[in-house]
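> Curious how this folds, go ahead:
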Amino acid sequence: MKRGFVVLLLLAMVGAAFVTNQAASTPAAHTCALGPDGRIKHVIYIQFDNTHFRRDNPNVPSDLEQMPHLLNFLKGNGSFMTNDHTVLISHTATGILTSLTGVYPDRMGQPVSNSLRYFKPDGTTNSGVSFAYWTAPLFTPPSPSNTPPFDTTPQMINENGKIAPAPWVPYTRAGCDVGSVATANTVLENTAIDIPTVFGADSPEAKEVAADPGQGFADFVGIAVHCAQGSDTCSTHNNGRPDLLPDEPGGYTGFNGLFGTKYVNPVISPNEPLKDLDGNVIKDATGHIGFPGFDGVVPSRSLAFAAAMQEHGIPITYIYASDAHDNHGVAGEIHIAYGPGEKGYVDQLHAFDLSFQKFFDRLAAHGIDKSNTLFVVTVEEGDHFAGSIPSPASCDGVTTPCTYSQIGEVNGSLAGLLATQKSNTTSFTVHSDMAPTVYVKGNPAPDAAVTRQLERDMSSLNTLNPYTGASENPSVAMIDPIGEKAEHMVTADPARTPTFTMFARGEYFFFAGAPNCTSPCVFVPPPSNQTFAWNHGGIQPEIANTWIGYVGPGVKRTGEVDNVWTDHTDIRPTILTLLGLKDDYVHDGRAVVEQLSDSAVPGSLRSHRDTLLTLARVYKQLNAPFGTFGLASVRASTKALASNTPNDATYAWIESQLDQLTQKRDALAAQIRGALNGAEFGGQAIDEQQASDWIDQARLLIHQAQALGAS
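Numbers count the residues shown, from 1 in each chain. Predicted coordinates for the structure are as follows:
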């Protein structure tokens, strides 16, 4: 994922540690009872980083196949859905934040992640980070290359230019405390901007960070509890702070939160330091007790936090778990990628599996199980592996380890390739990625001559793939702001909108580079202690196609399900429908009622069921980035940007058609999502005739987008 690595590069900080009770304890009394009959007493949400259900190598069992305690739990006790999808751009921040909110990035502000760039008024750019606390201004980390003026719009900016509604609010309003373990932007993500935002620039916490940055990071970053009104957990004598959400619809006053292990640990582990599920005190290699860093929250640690929270009266826990295909090393200073079936990879997956066995057993010993708990387990995106063919070719990793002569993404210098092959030395910056977003100096219009020439040149580059030896165009697709809008990538902050976005072949990772790069401009970096080989951000199926499992009261036991198309925005409305809660905004997703018992959903979702399901399914294909309309839009935009006809007529025509289709799509999608939201949370059965009309309109728009993409 590179989440921790990006933050560490920009902040040069890391820490680790906790204090929490591993011994058995009696859960504190609480009034949190959810669902139509109050049967759901606990919610446990787990989101992995880059953990795969499908095999990357057909001979090597996949990540989940090597974690049978988790996979069998999901398949055997609920619905395990294998046709879920991420959104664009497919990275950790975007994937998690879309899942938490149920809206696409244009409505929560983070389409380009895990870091980003934004235009300044003079047409140059600064770099930012997608990870910062929910109410912080856009995080521009201290750097010589980042110069004033800075963009101070909200980090989490919604379509109205306000701070996006926070995902813990429905729970706390219902009387439930919510624990968060390293879950994007619901915890403090850094000490540079989040400490002043939450505690104040002159607070004791800020002074601790200044005096001891490592321990300050460990004490305040990564763990949080958001409490219901009057909860003793977040009382002032427990160092609770006001949980301020100034833009929350309907207001949000009288709520407190605990931020950081320094204040959370004494509540969830009052008698001894918190231990991981293997019995080790959680700390980093430098001895800091507290948060172990975002790349250090492997399941043995993150699940230990969650278990301790649940055991001490925090019934809602959101959990992030690090990936298994990287050796993250010590404090982020080592990051070595494994190939499928490589011994270190297999060993880590085995450790992950044992952690889930211990986690489920520990919860059950405290009366927390599928009879009273909603379990939701998913991943933020998939990956494409960049590396050589394994040896031996028949290795399966489990009985015969795989080895690789070379592992690493194919790095490419865009400026170097353009200067070498096209004599194009246009000045631009790039958010380096498999899906590099390009920001042309001066922020010219999409149809400006300098923009169009750069797009044409970039769409026709040629590279020699170091792994395959093939001479190829490294770009598979390209979109500009009109295409980005169709993919829900244009936010309320115009400074964040890239000039255009290129989606590369799976092995490639592009940066701006220098226009005088020596040959070759494309290469696999030599082995080092910083090796990256699992690419995401692109539009390849292995990246876009993900999975999600639901277990608990109200969830059907259907095992593996592959015939229901969903994406990350559907998680939120599905969870809230089961819990009988609602947000103060309309989701972009829809409740996946196919996998829910009739008794667990309101009557309005059972009325006109066949028509409602048809409407919901066509809505997803109309509105989702990886739905039929979205993929057709990418094809159309790619053709427009590569075109070179007199007066740029082809570009102008395709762009005009795509813009009109997107406007019609947005208007129709708003009507449909309003009706679905009314059925899910307002008790309003859909109108059969109106729904049929919307279905016809949606199918027509999808057909028109497909025709445009094929034109």
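
> which other helices and strands contact the helix or strand hosting residue 180?
Here residue 180 sits within strand 178-181, counting by DSSP states H and E. The elements that strand 178-181 packs onto, with contact taken as 3 or more Cβ pairs under 8 Å, 6 or more residues apart in numbering; DSSP states H and E, are strand 223-226, helix 299-311, strand 316-321. In short, each C-beta sits where N, CA and C put it, glycine included.

> Need the winner for burial among the ones you listed.
strand 223-226 (a mean of 30; mean count of other Cβ atoms under 10 Å).

> Name the residues that touch that one?
For strand 223-226, contacts defined as Cβ atoms under 8 Å, 6 or more residues apart in numbering pick out 18, 166, 168, 171-172, 177-182, 186-188, 233-234, 243, 255, 257-261, 264, 267, 291, 305, 309, 314.

> Please list the members of these that lie in helices.
Counting by DSSP state H, these place 171-172, 261, 264, 267, 305, 309 in helices.

> and residue 532, that one's in a strand?
No - counting by DSSP: H, G, I helix; E, B strand; the rest coil, residue 532 is not part of a strand but coil.

> Tell me who's in contact with the residue nearest in space to the middle of the chain.
Centroid-nearest residue in the chain, with Cα atoms, centre = their mean: residue 95, separated by 2.1 Å. By Cβ under 8 Å, 6+ apart, the residues touching residue 95 are 47, 86-87, 379-381, 568.

> Give the single residue among those residues positioned nearest to residue 645.
Using Cβ to Cβ, residue 87 comes nearest to residue 645 of the contacts of residue 95, at 32.6 Å.

> Please report which of the contacts of residue 95 has the highest neighbour count.
For the contacts of residue 95, neighbours were counted using other Cβ atoms under 10 Å, and residue 568 has the most, 33 neighbours in all.

> I figured that residue was touching residue 84, is that so?
Yes - at 7.2 Å, residue 568 counts as touching residue 84 under the criterion of Cβ atoms under 8 Å.

> residues bridging contact with the two, i.e. touching both?
Joint contacts of residue 568 and residue 84 (Cβ under 8 Å, 6+ apart) are 378, 546.

> Now residue 704: which helix or strand?
helix 688-710.

> which parts of that helix are buried?
691, 694-695, 697-698, 701-702, 704-706, 708-709 (16 or more other Cβ atoms under 10 Å).

> gap between the residue nearest to the centre of the chain and residue 571?
11 Å (Cβ to Cβ, to the nearest Å).

> quick one on the thing from earlier: any quick PyMOL command for the buried ones out of the contacts of strand 223-226?
In PyMOL, this line selects whichever of those come out buried by 16+ other Cβ under 10 Å:
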select buried, resi 18+166+168+171+172+177+178+179+180+181+182+186+187+188+233+234+243+255+257+258+259+260+261+264+267+291+305+309+314
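
> So for stretch 182-196, mean pLDDT?
The average pLDDT for stretch 182-196 rounds to 97.

> repeat for stretch 507-514
For stretch 507-514, the per-residue pLDDT averages 95.

> ditto for stretch 344-360
Confidence for stretch 344-360, expressed as mean pLDDT, is 97.

> got a list of what the residue nearest to residue 161 when sequence neighbours are not counted touches?
Nearest non-adjacent residue to residue 161, counting by Cβ to Cβ, 6 or more residues apart in numbering: residue 492, 4.5 Å away. Taking Cβ under 8 Å, 6+ apart, we find residue 492 in contact with 106, 109, 153, 157-161.

> Could you rerun that using 10 Å?
106-107, 109, 153-154, 157-162, 164 (Cβ atoms under 10 Å, 6 or more residues apart in numbering).

> Which of those sits closest to residue 409?
Using Cβ to Cβ, residue 109 comes nearest to residue 409 of the contacts of residue 492, at 27.3 Å.

> ok so, going back, and the residue nearest to residue 161, that one's in a helix?
No - under three-state DSSP, residue 492 falls outside any helix and is assigned coil.

> thinking again about what came up before, paired strands for the strand holding residue 180, with orientation please.
Applying DSSP bridges, strand 178-181 is found paired with strand 223-226 (antiparallel), strand 316-321 (parallel).
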